[in-house]
Structures are given as structure tokens and as C-alpha cells.
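Student: following is a predicted model, sequence given first.
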Amino acid sequence: MRGIWKTIAVFLLGGILGTGFGVALGFFFFPFVFPPPPAVEQLLEADRSPVVATGTFIHANPSDPVHYGKGKVSVYEKTVFLESDFEVGPGPAYHVYLVPKASVRGKADVTNAKYIDLGGLRAFKGSQRYPIPAGVNLKDYPSVVIWCEAFGVLISPADLAAR
């Protein structure tokens, strides 16, 4: 009788752990299997001020095949615009930051800075616009960064070159 209870306990524990592992894998692979459509946002007429800076997103950690980014970014006086060639590897809770440090390459470059959160990333591909809050001096922010707030991971930085 004692052996039956042990077998049932092992079976239930295995079922619980297996279900938890399966759900976790599902959350990880869902964006890869069912990616959302690319964004296609346009600059509004009010945003069409002179370009202040431009940059290109890079793969911050080449040994990490999941967290990558590429494509161009243009910064206008009131807007950060991710160009149509923008793309990042999918994941949860990505945000667009203006960071007051040049050449962001690691987590500490972001977490130790007083960045400006422009909002959550709306799509993993395609053009998107993010308004810059009033009073921000863009000369103090030489980087645009895609950051995963859920796990505190640097996804992709872009060094800005003033125009």
C-alpha cells in the first residue's frame, strides 16, 4: 500500500513540474511561432522637424542569439522614429529608452543611468514613432536603447550621431 502512495506522489509531482515547464516554454516560444505583424507607422506632420541625430541598432551581445536588434533610428526634435528596417528578437515587455551615455554595450550602462522611458515597444519589426517629453535636451542623450523591463536585459543599443 505504501508503494502505491509513493507512485501517486511521484506521478502528481511529475505532472505539476511538467506542466510548469511546458507553460514556461510556451511563453518563451510563442512570439517566435506566432509573431505579431510588423508596425507601419508614419511620421506625423507635427514631427517633421529637422533630424537631430541618427543611429543604427546593433546586436549588443553576439553570443546571445535570442536578444538582437538591427535597423535605423532617426531622432527629431520631438520624436524618436524607428525606421522601416527596424527589427528585434521577440520577447516580453520591451521598452524604448533615451540613455545619457554614449556607446551603451552592457546592462550596467543602462541601469546606472537616468534614462528616459519613451514607452513600450509596439512591434518587433517595422517603423514606429515615440514622442519625446517636453524639456528633454537631446544633446544629453547620445543613445537609444531597446530594453527588456521584465528581465532587465539590454536587447539592442543604437549610438546616435548628431546631424
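Tutor: Sure, I can see it. Numbering: from 1, shown residues only.
Student: contact partners of the host helix or strand of V145?
Tutor: V145 is part of strand 143-148 when elements are defined by DSSP states H and E. By Cβ atoms under 8 Å, 6 or more residues apart in numbering, the residues outside strand 143-148 that reach it are 55, 57, 67, 69, 73, 75, 80, 88, 91-104, 110, 115, 121, 153-160. C-beta: built from backbone N, CA, C; applies to glycine.
Student: Produce a PyMOL select command limited to the buried residues of the residues you listed.
Tutor: Applying 16 or more other Cβ atoms under 10 Å to the contacts of strand 143-148, the buried members can be selected in PyMOL as follows:
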select buried, resi 55+57+67+69+73+75+80+88+91+94+95+96+97+98+99+100+101+104+110+115+121+153+154+155+156+157+158+159+160
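Student: list the ones among the contacts of strand 143-148 that fall in strands.
Tutor: Judged by DSSP state E, the subset of those located in strands is 55, 57, 69, 73, 75, 80, 88, 94-99, 153-160.
Student: can you give me the domain assignment for this protein?
Tutor: Per the record, the chain has its domains at 1-34, 39-162, by automatic domain parsing.
Student: return the most buried member of these.
Tutor: Among those, the stretch with the highest mean neighbour count (mean count of other Cβ atoms under 10 Å) is domain 39-162, at a mean of 17.
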